[in-house]
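*Asks:* Next come a sequence and a model predicted from it.
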Amino acid sequence: MPSKLPLVYLAFNLLFLACGALLIGFSLLSEQTMRGGSNLDNVARNLLLDQCPLTAGVVNAIFIFVTFLLSLPAFFLPTNRGWLRAQGWLVVFCAMFTLGLGLSVWISTLQTRRKLGDMWGVQTGEIQSLLQRKFNCCGYQNSTSPLYVEDSTCLNPLVAASLPGCIAPFSNFANAYLDIIFTAAFGMVGIDAILVLCIAMVIQYRMEQERYRHIDEKAGMKGF
């Protein structure tokens, strides 16, 4: 086998594994953070993460780990193609799974203001107050729609009326944060696609090697 091909295949296999570790680490840490309660620093992130498919991310990561384990016999058996084919199909499945997760987050950013408005309406006064203090705003659209929560930022109706609603800063934060998440998911899909190409090249090379071996065997028999 050419010296560079197995190294490239191994490198993207390890990147594929790293994507799985990143996915499960992000999902589990996010769930742990949400269970720990909200404060001024994480309240906005917690609300957004609660809308993300974190459990599906854990399941996706498990499939990635299983797929990586299947690649080990494929790598160490230099003439085998069955394990490679199985890995290739599983990588395609993982890529489609990850793509679905990324698309679900991306689609949510197309309706950010409406979704955040619905989200704001079901929060407790304590959470709304944390958001007001975080973004230095009062109410969602403005101080009266819906009515602001009185706190250290919105001290009274006069102060509240002088501050903007939270819709703009909260939406900007949500879009920027969710953009990072779905961009990372699409980047993982790109790594999956390159890995599939590497697998296809390795399969093709092994097929050629087997054909040459049969030719050499026949040539040897004729010479005998």
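*Replies:* Arrived safely, thanks for sending.
*Asks:* Please count neighbours and contacts with C-alpha atoms only from this point.
*Replies:* Noted.
*Asks:* which stretches of the protein form helices?
*Replies:* In the chain, helices defined by DSSP state H lie at 4-35, 43-49, 54-76, 82-109, 112-121, 125-135, 157-162, 167-223, listed in chain order.
*Asks:* Need the nearest residue in space to the residue nearest the centre of the chain, chain neighbours excluded.
*Replies:* Per CA atoms, centre = their mean, the C-alpha nearest to the average position across the chain is that of residue 185, at 3.6 Å. Spatially, and ignoring its direct neighbours in sequence, residue 185 is nearest to residue 102 (5.2 Å; CA to CA, 6 or more residues apart in numbering).
*Asks:* ok so, going back, tell me the contacts of the residue nearest to the centre of the chain?
*Replies:* Contact analysis of residue 185 by CA atoms under 8 Å, 6 or more residues apart in numbering lists 98-99, 101-102.
*Asks:* Now render the residues you listed as CSV, adding neighbour count, pLDDT and distance to residue 12.
*Replies:* Below are the contacts of residue 185 laid out as CSV (neighbours: other CA atoms under 10 Å; pLDDT from 0 to 100; distance: CA to CA, whole Å):
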residue, neighbour count, pLDDT, distance to residue 12
98, 25, 96, 16
99, 18, 96, 18
101, 21, 94, 21
102, 24, 94, 20
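*Asks:* Isn't residue 105 up against residue 180?
*Replies:* No - using CA atoms under 8 Å, residue 105 is not in contact with residue 180; the gap is 10.1 Å.
*Asks:* Where in this protein is the helix or strand with the lowest mean pLDDT?
*Replies:* In the chain, no helix or strand scores lower on mean pLDDT, DSSP states H and E than helix 167-223, which sits at a mean of 84.
*Asks:* Helix 125-135 and that helix, what's the angle between them?
*Replies:* With axes from the mean of the first three to the mean of the last three CA atoms, to 10 degrees defining the directions, helix 167-223 sits at 80 degrees from helix 125-135.
*Asks:* what's the angle between helix 167-223 and helix 82-109?
*Replies:* Relative orientation of helix 167-223 versus helix 82-109 (the same axes, to 10 degrees): 160 degrees.
*Asks:* so helix 167-223 versus helix 112-121, what angle?
*Replies:* If you take the same axes, to 10 degrees, helix 167-223 sits at 120 degrees to helix 112-121.
*Asks:* thinking again about what came up before, I'd like to know which of the helices of the chain is closest to residue 149.
*Replies:* Set against residue 149 and scored by CA to CA, the helices of the chain come closest in helix 125-135, at 5.9 Å.
*Asks:* Need the CA coordinates for that closest one. CSV is fine.
*Replies:* Extracted C-alpha coordinates of helix 125-135, given in CSV (Å, rounded to 0.1, in the frame of the first residue of the first chain):
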residue,chain,number,x,y,z
GLY,A,125,-39.8,36.1,36.8
GLU,A,126,-36.3,35.1,38.2
ILE,A,127,-35.1,33.9,34.7
GLN,A,128,-36.6,37.0,33.0
SER,A,129,-34.8,39.2,35.6
LEU,A,130,-31.5,37.4,34.9
LEU,A,131,-31.9,38.0,31.2
GLN,A,132,-32.7,41.7,31.8
ARG,A,133,-29.6,42.1,33.9
LYS,A,134,-27.4,40.2,31.5
PHE,A,135,-28.5,42.3,28.4
